[in-house]
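Student: just the structure for this:
(2 chains)
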Amino acid sequence: DGGITQSPKYLFRKEGQNVTLSCEQNLNHDAMYWYRQDPGQGLRLIYYSQIVNDFQKGDIAEGYSVSREKKESFPLTVTSAQKNPTAFYLCASSPPPGEQFFGPGTRLTVL
Amino acid sequence: AQSVAQPEDQVNVAEGNPLTVKCTYSVSGNPYLFWYVQYPNRGLQFLLKYITGDNLVKGSYGFEAEFNKSQTSFHLKKPSALVSDSALYFCAVRGGDGGYQKVTFGTGTKLQVIP
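Tutor: Purely as a prediction, here's the structure:
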């Protein structure tokens, strides 16, 4: 099946800990995206990547980091610098400039 | 900077009645516009898009949307609502200063279809 997978589905982080969220796609899309979703605030763009080894900051990049070493993979690290990381995280990919295909999401909770 | 506004946090409609979910946008250049639907604790699913051409676009599950350039709007419509349409709906735009790879979403509108 073609699509986007995200893992884990649920993730718990302790204060001061870095955690990495996985995103993989087999749709052969060049562009990939990370969004954060909080209740009542819609989707906010964290980072996006148009091509391997290149990525740009979105609207709320502080406290997050990404890498794009392979076309299929775009992992997101939530660092200890992100003071309020509890949220639902969504990964997406798209052909340019078409619609985005979303993964099922990862719910991150800070303990 | 590009932006999307969904002025209604929630829309309530009776089953069988027509529904409209509003969206206005601001972007430089020609916009690429999209509607997505989200069910609880799930990712977003694509409904329809406007890239160019006919201002009335048809999408999945009987939804349609009308692009109005003068009013910078892209309202989502359906002639007859179903209870199963109850979900969170997002409007999105590509284009503008970030180029066509940057996508901006509205804050979402919760649609409640009442049996």
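Student: which SS class is the nearest residue to A:Gly98 once chain neighbours are set aside?
Tutor: Once flanking residues are discounted, A:Gly98 sits nearest to B:Lys49: 7.2 Å by CB to CB, 6 or more residues apart in numbering or on different chains. Quick note: C-beta positions are derived from backbone N, CA and C, even for glycine. Classification of B:Lys49 using DSSP: H, G, I helix; E, B strand; the rest coil returns strand.
Student: what about B:Lys49, distance to B:Ser70?
Tutor: B:Lys49 sits 20 Å away from B:Ser70, taking CB to CB, to the nearest Å as the criterion.
Student: which one's more surrounded, those two?
Tutor: Using other CB atoms under 10 Å in any protein chain shown, the more surrounded residue of B:Lys49 and B:Ser70 is B:Lys49, with 19 against 5.
Student: just the pLDDT for the more buried one.
Tutor: Looking at B:Lys49, its pLDDT reads 95.
Student: same question, B:Asp97
Tutor: For B:Asp97, pLDDT reads 57.
Student: tell me the phi and psi of A:Phe74?
Tutor: phi -150, psi 70 (degrees, to the nearest 10).
Student: and if you look at B:Ala87?
Tutor: phi -180, psi -180.
Student: so it is in contact with B:Gln38, correct?
Tutor: Yes. Counting by CB atoms under 8 Å, B:Ala87 does reach B:Gln38; the two are 6.2 Å apart.
Student: which residues are contacting the lowest-mean-pLDDT helix or strand in chain B?
Tutor: When each helix and strand of chain B is scored by mean pLDDT, DSSP states H and E, strand B:103-105 comes last, with a mean of 89. Strand B:103-105 is contacted from outside by A:33, A:35, A:42-45, A:48, A:94, A:100, B:2-4, B:34, B:90-94, B:96, using CB atoms under 8 Å, 6 or more residues apart in numbering or on different chains.
Student: pick out whichever of B:Ala87 and B:Gln38 has more residues nearby.
Tutor: Applying other CB under 10 Å to B:Ala87 and B:Gln38 shows that B:Gln38 carries more neighbours, namely 21 against 18.
Student: what's the pLDDT at the closest residue to the more buried one other than its chain neighbours?
Tutor: Using CB to CB, 6+ apart and skipping the chain neighbours, the partner closest in space to B:Gln38 is B:Leu88 (4.5 Å). With respect to pLDDT, B:Leu88 has a value of 96.
Student: mind listing what B:Leu88 touches?
Tutor: B:37-39, B:108-111.
Student: spell out which parts of chain A neighbour chain B.
Tutor: Neighbours of chain B within chain A, by CB under 8 Å from any CB of the partner chain: A:4, A:31, A:33, A:35, A:40-45, A:48, A:50, A:56, A:58, A:88, A:90, A:92, A:94, A:96-105, A:107.
Student: out of those, list just those in strands.
Tutor: A:4, A:31, A:33, A:35, A:42-45, A:48, A:50, A:56, A:88, A:90, A:92, A:94, A:101-102, A:107 (DSSP state E).
Student: quick one, which of those residues are buried?
Tutor: A:4, A:31, A:33, A:35, A:42-45, A:48, A:50, A:88, A:90, A:92, A:94, A:101-102 (16 or more other CB atoms under 10 Å in any protein chain shown).
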